[in-house]
Structure formats: structure tokens, C-alpha cells
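**Student:** sequence? don't have it. structure:
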């Protein structure tokens, strides 16, 4: 007991240094976030591919060869997906852009008067725009929209080159991180104080389970929902099925947001296309089936209940990450939040077992 009493102040003295290191890491992340995108994307790809490479390594295959095979498979899947979906996506986006004036006219001339009549509101109209001039200047094709967006984001030719360099750098970073992933993790764990290493390994394993459930599972859920919604809307006959379905699938990263955004936008597009209320029932049925499949099959099987993030916490994490570090912050917001939740659960358990909580 005397030895433990002597070691206790030493253990307590580690915490200020640990907190200082965390603050320095946060400041470095904030200061360097303009150049972190390829490293964040590379780390994401490496984390997703590491279990596959580990499985190949256990079967006697060299790790470098396993990394090459995984990269070849991911590249082939990406190229195939682009070749299959990109032409249809561009065609449907162009169709969506061309329908904007008609949809706006339907809202102002049909929907708004109907709502005003039912709710006995005062007559008010949305501002009128010369949509023909707008289309002629800016919205004639998806190419012009994309070019304008790129100019706004990059601001110059040098910015475009930097963006392309970052995009090309991400696979290189992913390759080396995936090859040395286990070595890097082991080195980081060995840098922890010896008295913390056993507990750190346990918590890192739990955090890895949570991250795996989120990153691998949630991405598969989003992709599956996008496919389900797209196929369902295509079967109903909605012209913008692929765009609407994929938007709903991507938005499902926030619980229930994908369903809400998808069904509202799909109902609006379906009515503008068919002018038939019965078609709205079919669109609602598509999203009802998708929601049931997500709740009963997709989320329990692919994700489970291991993340433990409340929907409000998910929204806050995404907004806070975007505010602090832009797109890079959005990418790392939920994984960091999931890991923080693991450590908070252990911290709360330690607090409830302490004299501070249980004492008089």
C-alpha cells in the first residue's frame, strides 16, 4: 500500500503533460488543416483496407503484395462505379437543372396558393425571376455549373493544381499507411506511459470496434440505401431516380435526415413530373420500404448498437467539424466523436467508482 501511495502522485503528474500533448495536437490540426485532406483520405482508405490485408497476411501472403491486391481491387471498383453511374448521373443532373424553372413555377402558382387557401393566409407570392435569362447566363449545362463551382472553390489555376496534387497524393499516402499500419499503431501505443499501456490497449481495441462499426458499417448502409432508393424511384418512373436516391443515401449519415430529405425532394419532383397524387403514394412506399430495411436489416447487421452517438450529437459533431476545419473537419468529426465517446464512458465509470461520487 505504501508503494501505491508513493506512485499515485506520479500517476497524477502524468495528466497535465497528457493534456498538453492533446492541446498541441489540436492546435497543429487546426493550423495545418489546409494540407491535411490527402492524409485524412489516405488514413481512411488505409483503415478500411487494413483488415483485408491482415487476413491475407495470416494466410502467408506478403504484406506489400496484399496491399497491392487491395489497391487493385479498390481502383477497379472505383473505375467501374464511375463508368456505370457517372454518365447517368450527369444526364439526370442536367435534367434536374432544366426542371428548376418549372418546379419553381409549380411552387408559386399551385402549391403556395393551395397552402394559403387551406390555412387562410394573406396573399403573398415568392419573388419572380427571369428564369430564361438565368438559364442562359449560368445554368445551360452541368459543365458551366461545375466550372463555376470549381472557380469559386479554388480561386485560381494554382488552386486547381494544388487540388489535383492533393487528390493524386491521397493514394500514395494510403499505400504506405496501409503497408505499415500495424507497425505505426504499435509504436504509438509504446509511447504511452507504461502504467497506462494495458488500459490503453483495451480502450483502443474498443474504439477500433466502434470506428469499424461506424466507418465500414455506416458507409455500407449509406451505399445500400442509395441503391435501394434509386432502384425504387426508377421502378416507379421518377426521372431523377439516381440523383434523388444517392442524395438520400448520403444524407442518411445523420439519422432520419436521409429519409426526410429524400422523401420530400422525391415527392416534389414526382408531382412536378406526373401531376398525379397517386404517384406520391408509390414514392412514399419506396421510402417506407427503405426505412424498414434500414431499421430491421441494414443497421442491425452492418452497424449494430456499438456507436452510441445520439442523433443530436451526430449533427453537432458534423457542424462543429465543418466550422473548425472545413471539409477535413467534417471527414474526421464523427470518427473522433465515436472514439471520444469510448473514453468518456470509461471516464464516467471511473468517476462513479471514485470517492468523489460515492463518498459522503
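**Tutor:** Cool, the structure landed. Small disclaimer: the values here were computed from a predicted structure and weren't measured. Numbers count the residues shown, from 1 in each chain.

**Student:** Is there a neighbour count for residue 225? I'd like the number.
**Tutor:** 27 (other CB atoms under 10 Å). Using the backbone N, CA and C atoms, a C-beta is placed for each residue, glycine as well.

**Student:** How much space separates it from residue 84?
**Tutor:** 18 Å (CB to CB, to the nearest Å).

**Student:** Same check on residue 217?
**Tutor:** 24 Å.

**Student:** Between the two, point out the one with more neighbours.
**Tutor:** Neighbours were counted for residue 217 and for residue 84 using other CB under 10 Å; residue 217 has more, 19 against 10.

**Student:** Hmm, the more buried one is touching residue 294, no?
**Tutor:** No: when contacts are counted by CB atoms under 8 Å, residue 217 is not listed as touching residue 294 (11.9 Å).

**Student:** Determine the set of other helices and strands touching the helix or strand where residue 70 lies.
**Tutor:** For residue 70, the host element (DSSP states H and E) is helix 63-106. Where contact means 3 or more CB pairs under 8 Å, 6 or more residues apart in numbering; DSSP states H and E, helix 63-106 is packed against helix 37-58, helix 131-137, helix 142-154, helix 157-179, helix 241-251, helix 257-274.

**Student:** Nearest to residue 334 among those would be which one?
**Tutor:** With CB to CB, the closest approach to residue 334 among those belongs to helix 37-58: 11.6 Å.

**Student:** Could you measure from the closest residue to residue 56 other than its chain neighbours over to residue 211?
**Tutor:** Closest residue to residue 56 apart from its sequence neighbours, by CB to CB, 6 or more residues apart in numbering: residue 66 at 3.7 Å. Look at residue 66 and residue 211: by CB to CB, they are 21 Å apart.

**Student:** for residue 193, same thing?
**Tutor:** From residue 193 to residue 211 the distance is 23 Å (CB to CB).

**Student:** ok so, going back, would a markdown table of the helices and strands packed on helix 63-106 with mean neighbour count, distance to residue 88 and mean pLDDT be doable?
**Tutor:** What follows is those, written out as a markdown table (neighbours: other CB atoms under 10 Å; distance: least, CB to CB, whole Å; pLDDT from 0 to 100):
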| stretch | mean neighbour count | distance to residue 88 | mean pLDDT |
| --- | --- | --- | --- |
| helix 37-58 | 18 | 25 | 85 |
| helix 131-137 | 11 | 22 | 49 |
| helix 142-154 | 12 | 13 | 52 |
| helix 157-179 | 15 | 23 | 77 |
| helix 241-251 | 23 | 5 | 86 |
| helix 257-274 | 19 | 16 | 84 |
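
**Student:** among the ones you listed, which is nearest residue 349?
**Tutor:** Among the helices and strands packed on helix 63-106, helix 37-58 sits nearest to residue 349 (CB to CB), with 26.8 Å.

**Student:** Since that was my last question, I'll sign off now.
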